[in-house]
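# sequence and predicted model, in that order:
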Amino acid sequence: MSNFPTKDLLSASVLSKGDIERILKIAETMAPYANKEKQSDLLAGKVLATLFYEPSTRTRLSFETAMNRLGGRVITVTGMESSSLIKGETLYDTGKVVENFADIVAMRHPTPGSVAELAGAVKIPVLNAGDGAGEHPTQALLDMLTIQKERGTIDGLTIAMVGDLKFGRTVHSLTYLLSHFKVNLILVSPDRLRMPAEQVQHFKDQKIQCTETESLEEGLKHAQVVYMTRVQKERFDDPAEYEKYKHFYILTREMVERHNAQMTIMHPLPRVGEISLDIDDLAGAAYFRQVKNGVALRMALLAIMLGKVEF
Amino acid sequence: MSNFPTKDLLSASVLSKGDIERILKIAETMAPYANKEKQSDLLAGKVLATLFYEPSTRTRLSFETAMNRLGGRVITVTGMESSSLIKGETLYDTGKVVENFADIVAMRHPTPGSVAELAGAVKIPVLNAGDGAGEHPTQALLDMLTIQKERGTIDGLTIAMVGDLKFGRTVHSLTYLLSHFKVNLILVSPDRLRMPAEQVQHFKDQKIQCTETESLEEGLKHAQVVYMTRVQKERFDDPAEYEKYKHFYILTREMVERHNAQMTIMHPLPRVGEISLDIDDLAGAAYFRQVKNGVALRMALLAIMLGKVEF
Amino acid sequence: MSNFPTKDLLSASVLSKGDIERILKIAETMAPYANKEKQSDLLAGKVLATLFYEPSTRTRLSFETAMNRLGGRVITVTGMESSSLIKGETLYDTGKVVENFADIVAMRHPTPGSVAELAGAVKIPVLNAGDGAGEHPTQALLDMLTIQKERGTIDGLTIAMVGDLKFGRTVHSLTYLLSHFKVNLILVSPDRLRMPAEQVQHFKDQKIQCTETESLEEGLKHAQVVYMTRVQKERFDDPAEYEKYKHFYILTREMVERHNAQMTIMHPLPRVGEISLDIDDLAGAAYFRQVKNGVALRMALLAIMLGKVEF
């Protein structure tokens, strides 16, 4: 079997610097398959179950595409027909059932920790595809792959993370990964949506440069990479509060060009106004390339966790 | 690459007579695969994304069957989990995402023009699988294939189109195709649901014989082909108005036998009462054969637009 | 073609003892494929349509896994997008459409008899995957396979069936199968949820030993196999009545160990409290093995009904 640190990928925090680098390297070798240039049967005979108890197009289709393009098969449960859930089944039981069908699971769920609950019940590997305000490690890994491909390196970069840093699961996972590298982080958020104190402390423990500010202009001053995020409606109990914050930050072309026209602009998508459309044709607008990198990255993880590439 | 007139198939209006004839010819060669007599791997390694933002069984499954039986793979988003839509993403962004996953897209959406909007954002081919009251070109092409197979020819036929000719997207697309041929059209509809004036004018410009009437009996008098349509509830704001029109025309076996027992009877399905069940075993009842022809026709389009057959 | 007794599998009642034994035998040969030990292309080129008009994870995924692991393809319609139904199409018409797409159908529907309605319209085989309070023959067959594997034999066993024996479709189908064997049945249910009188009479006609009781303790006294069932909320018009019965019987570890620590414990799942979690690690807890057996059993049925293994 492989040297992957755990049976499952539930949190980005379990990955060492070496793990991250090896995953990104394998993802690079998957690019020709992800980019539709070559065909592969590496995962023929394997079945991926995508269990999505929360709506998602991008992440589910990304996993399914990765599996299909490596010759594997997919079975799917999406939110609206999360039938056994309706019938009151525990995630433990769902896991014990699904492990008889699939070789590997990718799961999204609105409750933090729920993916771990299912993973604990089964012998097959489980990938966390987003658990509420918890983590989203495969997104964070594709973000790392994108930064490396766009900038040639991760070490030495100044990276501004902008938006909802409190509930944003992508940001949580990404910060775990970045903390292994020599980066200068600028955390831009409204006071109400600041990154949890323990995570900021984690950076400081790792000797990562880390500044917090409410000002996007301040954040952009020295940034080589800006990582915009959407304020997620589904994380707010009070709709009025969501309305207040949803367009707190809007990145415009004028701002980018004034600060650094070569800036790499990232977003986990979907965007709902945080990035002006006229930014799309800037050379540094990398958010749709993130999607492409996501297929290669997930191919790598599926192959690694199924023991089909050396790790 | 191919001589297909456009990257996408959004409207039947872009197809020339030569295009239509070539598509039907290729569809004929696909029949053994559609009819489960032969297997093919023509589209192995290719991925079709079916994006259905409006419910559909027939059209989505027809596309997916066509892809599967040619060895390709399918990823699917159906209406109820149109998640990114819920999150407020534009169709432009959805397109930029999906083109990283799929080689070709078949899309249905309740809003006319929306499929074109997504198609404009992406480099991969997009097939309009129905955009509200707009068009439904693949249905119209399978209808043409059916007429040709049932009658041996299209030229010279008298064809009655019956029902909602105002909102019926199938009828809109079909009339574009028929206007290249020497047909005699009889348009049967209640005054409220007449074919849009510009489309009738289009026929007249093409020197197509075209009569309008509210009387089904009148329409059947000389018809060799009768094309029944369902009045679509979802096109009416006022339920009472829908109730008034939904069974405005009912084709009975007695009517068919009185006018022309050899008449070809077509319907895009689902039917909800427009055609009596006792018509099903008439030799001319072609509506379920339309479904079969649909698989071959969509196989042809997928193969053409993916550059896998000469066009 | 095969000697399978009918084109479709709608009811367990059509199967003879010989049929059942042959199906179980073929299912045993499918185990290596179901258990992910071997790969097969037995059903390459074949398409299964899963039509699920009622929510289900387990049964749908089990069929889809069986098809995928034998190299076949799957097209799916799930409840929430049962679009043609919404549009008012009859099951007859849905069948006439789907038979142009698929080689075989597995269908679930809330109304007893509805699967038979669709099956009667089509030439391809249809498997009843649960029709309301009607039947669920593939579940019953996997239960038989499980009993045989767990106990080495079916003949001679004392089997307690516990819970909702009135509406429980699984129990209905299972009793048809068991009536061919020399078993001693103990029917444990509240008076309100007793097995229909005609089914009890059927046992007596077959000279099957059959006792009814409301007491779980009574039922467990001599049981070698206990088959627990969930009281299904969706079968009750009055929620208060459901509340009264939902936890009428709860099997605890203490009860099992007191009566017979080697007892085989089965459940069609999902369970919602009828079996204590601390039973899971008893050697006789067979409910998750039932799931595994289900894949092999459905592989066998798909292969038999598609004429790909001798029967």
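The structure has been received and is ready for your questions.
# what about the residue of chain A found nearest chain B, how many residues nearby?
Residue nearest to chain B within chain A: A:P55 (2.9 Å; C-beta to the nearest C-beta). (C-beta placed from N, C-alpha, C; glycine too.) Using other C-beta atoms under 10 Å in any protein chain shown, the number of residues around A:P55 comes to 21.
# what of A:F236?
Counted with other C-beta under 10 Å, A:F236 comes out at 17.
# list the residues that contact the spatially closest residue to it that is not a sequence neighbour.
Once flanking residues are discounted, A:F236 sits nearest to A:Y242: 4.2 Å by C-beta to C-beta, 6 or more residues apart in numbering or on different chains. Neighbouring residues of A:Y242 by C-beta atoms under 8 Å, 6 or more residues apart in numbering or on different chains: A:231, A:233, A:236.
# which of those has the weakest pLDDT?
Across the contacts of A:Y242, the bottom pLDDT score, 79, is held by A:K233.
# if I look at the nearest residue to it once chain neighbours are set aside, how far off is A:S215?
With C-beta to C-beta, 6+ apart as the criterion, A:K233 has its nearest non-adjacent residue at 5.1 Å, and that residue is A:Y242. Distance, A:Y242 to A:S215, using C-beta to C-beta, to the nearest Å: 22 Å.
# what of A:V14?
On the measure of C-beta to C-beta, A:V14 and A:S215 end up 34 Å apart.
# looking at the two, which one has more neighbours?
A:V14 (14 against 11).
# the more buried one contacts A:T6, correct?
Yes. Contact criterion C-beta atoms under 8 Å: A:V14 and A:T6 qualify, at 5.3 Å.
# so where do the helices sit in chain A?
For chain A, the helices defined by DSSP state H cover A:17-34, A:58-69, A:83-86, A:91-98, A:114-121, A:137-151, A:169-178, A:197-205, A:216-220, A:239-245, A:253-259, A:287-305.
# how far off centre is the last one?
Offset of helix A:287-305 from its chain centre (C-alpha atoms, centre = their mean, to the nearest Å): 10 Å.
# tell me the domain ranges of chain A?
Following automatic domain parsing, chain A resolves into domains at A:12-135+A:291-305, A:137-290.
# okay, now the nearest residue to A:E241 once chain neighbours are set aside: neighbour count?
Nearest residue to A:E241 in three dimensions, chain neighbours excluded: A:R192, at 7.9 Å (C-beta to C-beta, 6+ apart). Residues near A:R192, counting by other C-beta under 10 Å, number 12.
# could you do A:Q209 as well?
A:Q209 has 12 neighbouring residues, counting by other C-beta under 10 Å.
# OK, contacts around it?
For A:Q209, the contacting residues are A:183-185, by C-beta under 8 Å, 6+ apart.
# and chain B, which of those reach it?
Subset of the contacts of A:Q209 in contact with chain B: empty, counting by C-beta under 8 Å from any C-beta of the partner chain.
# put the buried members of these into a ChimeraX selection.
Buried subset of those, written as a ChimeraX selection, criterion 16 or more other C-beta atoms under 10 Å in any protein chain shown:
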select /A:183,184,185
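# with distance to chain C and pLDDT added, can I get the contacts of A:Q209 in CSV?
Formatted as CSV, these follow (distance: C-beta to the nearest C-beta, whole Å; pLDDT from 0 to 100):
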residue, distance to chain C, pLDDT
A:V183, 42, 96
A:N184, 46, 95
A:L185, 41, 96
